[in-house]
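next input, structure requested:
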Amino acid sequence: IIAEAARTIRAVRANSVSLEGLAALAPRGTLVGLSLPVRPGDVDAFVSHSWADPPGSKLGALQQWCAHFAMEHGRQPLLWLDAYCADPGAEPAARIRALPALAGCSQRFVALVGPTYFRRWWPLAELLAFLEMAPGPDRVDVLPLPDVDWLAHAAALRTASATAARREDLMTWEA
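Down below sits the predicted model:
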């Protein structure tokens, strides 16, 4: 799995990320052409978000993070963002198996935390996968969206009550 992830990992340049990529407006797989193949370790940030949170707020928070990164490093970051980098043909079980390896290929984890982030199954799986492969909270950047008390949402976290858009995702994780 790690070898497969290392062979197929992709990243998108921050300036190619649009509202469309954070809003599930584009049909699955149509944005993959904006990403490029990279080597493990070249991904500056694995970006995690809930599709149910406001896309404009997510884009604004991500753009601020990217601007700070660019000032610090003198270049735009390379991001792993599902709409641009995930294999659109992969089955949910294969995507779940690849999560730790994909997350482990990233230098940082950026969580775009809106009102549903801690209630959705997939972002939680991404966070846990990253922490498994890259232990330590110092590599995790939590970006609360405007008007979101993310600490209250995190405190109310109950993995058993997390929801998924597709039942297959939950069944694959439980297996």
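
not counting sequence-adjacent ones, nearest residue to the residue most central in space within the chain?
For the chain, the residue nearest the mean C-alpha position is S48 (2.5 Å; CA atoms, centre = their mean). Computed as CB to CB, 6 or more residues apart in numbering, the closest residue to S48 that is not its neighbour in sequence is E126, at 4.4 Å. Every C-beta, even on glycine, is put in place using the N, C-alpha and C of the backbone.

pretty sure the residue nearest to the centre of the chain is touching L124, no?
No. Counting by CB atoms under 8 Å, S48 does not reach L124; the two are 9.1 Å apart.

returning to what we had before: contacting residues around the residue nearest to S48?
E126 makes contacts with F46, S48, L99, A103, F109, as judged by CB atoms under 8 Å, 6 or more residues apart in numbering.

doesn't it belong to a helix?
Yes. Looking at E126 with DSSP: H, G, I helix; E, B strand; the rest coil, it is inside a helix.

three-state assignment of V12?
Three-state call for V12 (three-state DSSP): strand.

look up how far E20 lies from the closest residue to it other than its chain neighbours.
Of all residues not flanking V12 in the chain, Y84 sits nearest, at 3.9 Å (CB to CB, 6+ apart). Distance, Y84 to E20, by CB to CB, to the nearest Å: 10 Å.

now do A98
Taken as CB to CB, the span from A98 to E20 is 24 Å.

who's more crowded, the two?
A98 (20 against 14; other CB atoms under 10 Å).

hmm, C85 and that one touching each other?
No. A98 is not in contact with C85 according to CB under 8 Å; the separation is 10.9 Å.

G89: what's it in contact with?
Counting by CB under 8 Å, 6+ apart, G89 has contacts G29.

ok, now A90?
Applying CB under 8 Å, 6+ apart, the residues contacting A90 are A98.

select the longest helix from the chain.
The helix that spans the most residues within the chain, counting by DSSP state H, is helix 55-73.

quick one, helices of the protein?
2-8, 19-23, 55-73, 82-85, 92-104, 121-133, 150-155, 167-174.

G114 contacts L145, doesn't it?
Yes. Assessed by CB under 8 Å, G114 is found in contact with L145 at 4.3 Å.

anything in contact with each of these two?
Common neighbours of G114 and L145 (CB under 8 Å, 6+ apart) are D53, P54, S57, K58.

buried ones from these, can you make that a PyMOL selection?
Selection of buried members from the shared contacts of G114 and L145 for PyMOL, criterion 16 or more other CB atoms under 10 Å:
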select buried, resi 53+54+57+58
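
can you put the shared contacts of G114 and L145 in TSV and add distance to A93?
Putting these into TSV (distance: CB to CB, whole Å) gives the following:
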residue	distance to A93
D53	25
P54	30
S57	31
K58	27
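
of the shared contacts of G114 and L145, closest to L34?
Nearest to L34 among these: K58, at 17.0 Å, using CB to CB.
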